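Chemist: how would this look folded up:
(2 chains)
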2 protein chains.
Amino acid sequence: MNSPHTYTRLRVALVENSPALAATDARLRDIITFAADNTGKLVRARLVFAAAQAHGLEGGAAERLACAVEYFHVASLLLDDLPCMDDAFTRRGRPCAHKVYGEAPAILGALAFINRAYALSGFAFAMYPADVRMQATACLDACLGPAGLLGGQAADLSFAESDRSARAVSAVAMRKTGALFWLAVYFPALLAAPSPGELRALKALCVYWGQAYQAADDLQDALMNAFEAGKTTGRDRALTRPNLAHAIGVPAAQARIARLLEQARRAVAVLDGKSARWSYLGGFHREFVEPMVGAVAA
Amino acid sequence: MNSPHTYTRLRVALVENSPALAATDARLRDIITFAADNTGKLVRARLVFAAAQAHGLEGGAAERLACAVEYFHVASLLLDDLPCMDDAFTRRGRPCAHKVYGEAPAILGALAFINRAYALSGFAFAMYPADVRMQATACLDACLGPAGLLGGQAADLSFAESDRSARAVSAVAMRKTGALFWLAVYFPALLAAPSPGELRALKALCVYWGQAYQAADDLQDALMNAFEAGKTTGRDRALTRPNLAHAIGVPAAQARIARLLEQARRAVAVLDGKSARWSYLGGFHREFVEPMVGAVAA
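Modeler: Take a look at the predicted model:
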């Protein structure tokens, strides 16, 4: 899963499937190309790509489903960075898209990625039975709508009006970061028609990964400077946004991450015990979650 | 089509299917409810509702498809009014949503409508054959993406950099207003598997309706005050946006609208001659397009 070949292949696919080709307006085309190229480690895309291949999609179709999930993520980052949201300046070591191309192109660019992501998702499931397709439609509705990612972004912005407890921090992380993991894990898993027991273990795993990942992001925001993190830091304190390290302190947040990683390992073991078709989840945990989350939490 | 009963029924459906119910964040829920309730004449929703019923969807399913297209429209209005786009103050006689609830909730609210619209569209076509579903997916991709609505919005914003000719004005109208008519006409028509000849006539009709409707909107922006129009006017001149009346003058714009209405009538007659299943299009033309466009163009 962690091979340079897969990474390069997905980078190419992200450019090839991007909505830039359909754009005649130069500024819209440029911002889409800029955002499609300014990728991180592609953790979600790699996870979806591995899942889709394990569950029977051929290479090109697996790539397109991976692009769909990554585009939903790219769109959320374009919007998160806007002045009316996090007012960020840098993202992955480069200036934020709206700083280069303007706010309106950033919003329209985000919508272009979302529009393309829905089309790619629709085509990926087109030949599956009606019940699987309806589950996929319901999954996107729940993960990305007000009960999921959008609700998490809204709760993030109005966090100052909450009691600012660790519980409130986790509730936002659950919907904001958890929803995207849920999308990256559950959405391609629908291709395999998981049993109720497998579904429970998949759900639990997404909770642990989402919480651990967000807690590591919180520590990064609290402890690193922009150069180390590759993005604007210190924003949670400045904007009164949820941050586990602020709510319970750095050592407690680090201990919590260690516990979440242990719980995730156990959920992976449960799935491994049920069927070999979930083995990519263990690979993802060892190759991505442990090193990335562990590096910040250590 | 123009019955008060249908209007009331669609108003209720727009509230019932809205993404507000899934929102736990108060501000997000309130802005969704506000926008779902601040409806205009529901021309697109009525057209889709009539089409879906004519092409065999039962009442509830026809309502949901009508809501989907209306939600895509509502989302585009929420974003168009933002300070970085048209910077509008009023919409349909009320303050713009972002003026009441803020910019970030307006953006997240728009995304919530888009997300729900995709879900409703997916469910509406779920039981149709794979080729119809793939056409529906491709239709949403083309109508709403950079080749359609999003591209039109981008071209609208960068119009000052064009040659500002009548041709450039029409090109923006074609993608911005034309794309939404295309969505309201072609998308539900897919349920009926139109013949190539019917498809050509449907395409032509969307061009005439889209251009006529946008030209009437341009005249309204140029000639009326905010009280008469129910929304901020004079924006096209102030922001150097495409406006046919500015490009060729008011009398020439009025004459052009009269020609477009005549062309639309002929396209409707062609479709009527092919099959009785297109009769709702003539009804829409007589009950909505002629009175609305004619009132401004007279």
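Chemist: okay, the least confident helix or strand in chain A by mean pLDDT in PDB with CA atoms only?
Modeler: When each helix and strand of chain A is scored by mean pLDDT, DSSP states H and E, helix A:226-229 comes last, with a mean of 71. Output in PDB follows, covering the C-alpha atoms of helix A:226-229 (Å, rounded to 0.1, in the frame of the first residue of the first chain):
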ATOM      1  CA  ALA A 226       4.100  26.500  10.300                       C
ATOM      2  CA  PHE A 227       7.400  25.500   8.800                       C
ATOM      3  CA  GLU A 228       7.400  22.100  10.700                       C
ATOM      4  CA  ALA A 229       3.700  21.400  10.000                       C
END
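Chemist: following that helix, which helix or strand comes up?
Modeler: helix A:235-239 (DSSP states H and E).
Chemist: and whatever helix or strand comes next after that next one, what's buried?
Modeler: As assigned by DSSP H and E, the chain's next helix or strand after helix A:235-239 is helix A:244-248. Buried residues in helix A:244-248, defined by neighbour count with 16 or more other CB atoms under 10 Å in any protein chain shown: A:Leu244, A:Ala245, A:His246, A:Ala247, A:Ile248. Every residue, glycine included, has its C-beta placed from N, CA and C.
Chemist: I'd like the residues you listed written out as JSON lines, with pLDDT and distance to chain B added.
Modeler: Formatted as JSON lines, the buried residues of helix A:244-248 follow (pLDDT from 0 to 100; distance: CB to the nearest CB, whole Å):
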{"residue": "A:Leu244", "pLDDT": "93", "distance to chain B": "20"}
{"residue": "A:Ala245", "pLDDT": "91", "distance to chain B": "23"}
{"residue": "A:His246", "pLDDT": "92", "distance to chain B": "20"}
{"residue": "A:Ala247", "pLDDT": "92", "distance to chain B": "19"}
{"residue": "A:Ile248", "pLDDT": "93", "distance to chain B": "23"}
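Chemist: okay, those in JSON lines with distance to A:Gly60 next?
Modeler: Converted to JSON lines, the buried residues of helix A:244-248 look like this (distance: CB to CB, whole Å):
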{"residue": "A:Leu244", "distance to A:Gly60": "40"}
{"residue": "A:Ala245", "distance to A:Gly60": "42"}
{"residue": "A:His246", "distance to A:Gly60": "45"}
{"residue": "A:Ala247", "distance to A:Gly60": "44"}
{"residue": "A:Ile248", "distance to A:Gly60": "46"}
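Chemist: near A:Met127, how many other residues are there?
Modeler: 12 (other CB atoms under 10 Å in any protein chain shown).
Chemist: pull up the gap between the closest residue to it other than its chain neighbours and B:Leu120, please.
Modeler: In space, and not counting its chain neighbours, A:Met127 is closest to B:Ala130: 6.2 Å by CB to CB, 6 or more residues apart in numbering or on different chains. Per CB to CB, to the nearest Å, B:Ala130 is found 20 Å from B:Leu120.
Chemist: what do you get for A:Ala193?
Modeler: Distance from A:Ala193 to B:Leu120, by CB to CB: 24 Å.
Chemist: correct me, but the residue nearest to A:Met127 touches A:Phe125?
Modeler: No: using CB atoms under 8 Å, B:Ala130 is not in contact with A:Phe125; the gap is 10.4 Å.
Chemist: neighbour count winner among those two?
Modeler: A:Phe125 (23 against 11).
Chemist: quick one, which of A:Ala193 and B:Leu120 is more surrounded?
Modeler: Per other CB under 10 Å, whichever of A:Ala193 and B:Leu120 has more neighbours is B:Leu120, with 22 against 13.
Chemist: please name every helix or strand in contact with the strand or helix carrying that one.
Modeler: Assessed by DSSP H and E, B:Leu120 sits inside helix B:103-125. Contact here means 3 or more CB pairs under 8 Å, 6 or more residues apart in numbering or on different chains; DSSP states H and E; on that basis helix B:103-125 packs against helix A:103-125, helix A:130-144, helix A:149-157, helix B:26-37, helix B:59-80, helix B:97-101, helix B:130-144.
Chemist: and the longest one, how far out from the chain's middle?
Modeler: Spelled out, that is helix A:103-125. 15 Å (CA atoms, centre = their mean, to the nearest Å).
Chemist: what angle separates that helix from helix A:130-144?
Modeler: Note on geometry: by axes from the mean of the first three to the mean of the last three CA atoms, to 10 degrees, helix A:103-125 and helix A:130-144 are set 160 degrees apart in direction.
Chemist: now helix A:103-125 - C-alpha only, CSV.
Modeler: In CSV, the C-alpha atoms belonging to helix A:103-125 read as follows (Å, rounded to 0.1, in the frame of the first residue of the first chain):
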residue,chain,number,x,y,z
GLU,A,103,-12.0,33.4,-2.6
ALA,A,104,-14.7,33.0,-5.3
PRO,A,105,-12.5,30.7,-7.5
ALA,A,106,-11.7,28.7,-4.3
ILE,A,107,-15.4,28.2,-3.6
LEU,A,108,-16.2,27.3,-7.2
GLY,A,109,-13.1,25.1,-7.4
ALA,A,110,-14.3,23.2,-4.3
LEU,A,111,-17.7,22.7,-5.8
ALA,A,112,-16.1,21.4,-9.0
PHE,A,113,-14.2,18.8,-7.0
ILE,A,114,-17.4,17.8,-5.2
ASN,A,115,-19.4,17.6,-8.5
ARG,A,116,-16.7,15.4,-10.1
ALA,A,117,-16.5,13.2,-6.9
TYR,A,118,-20.2,12.5,-7.1
ALA,A,119,-19.9,11.6,-10.8
LEU,A,120,-17.0,9.3,-10.2
SER,A,121,-18.8,7.6,-7.3
GLY,A,122,-21.9,7.1,-9.4
PHE,A,123,-20.0,5.5,-12.2
ALA,A,124,-18.0,3.3,-9.8
PHE,A,125,-21.2,1.7,-8.4
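Chemist: quick one: low-confidence residue ranges for chain A.
Modeler: Along chain A, the model assigns pLDDT under 70 to residues A:2, A:297-298.
Chemist: OK, contacts around the spatially most central residue of it?
Modeler: In chain A, the residue lying closest to the centroid (CA atoms, centre = their mean) is A:Leu180, at 4.2 Å. Taking CB atoms under 8 Å, 6 or more residues apart in numbering or on different chains, we find A:Leu180 in contact with A:Arg44, A:Val69, A:Phe72, A:His73, A:Ser76, A:Cys143, A:Leu149, A:Gly210.
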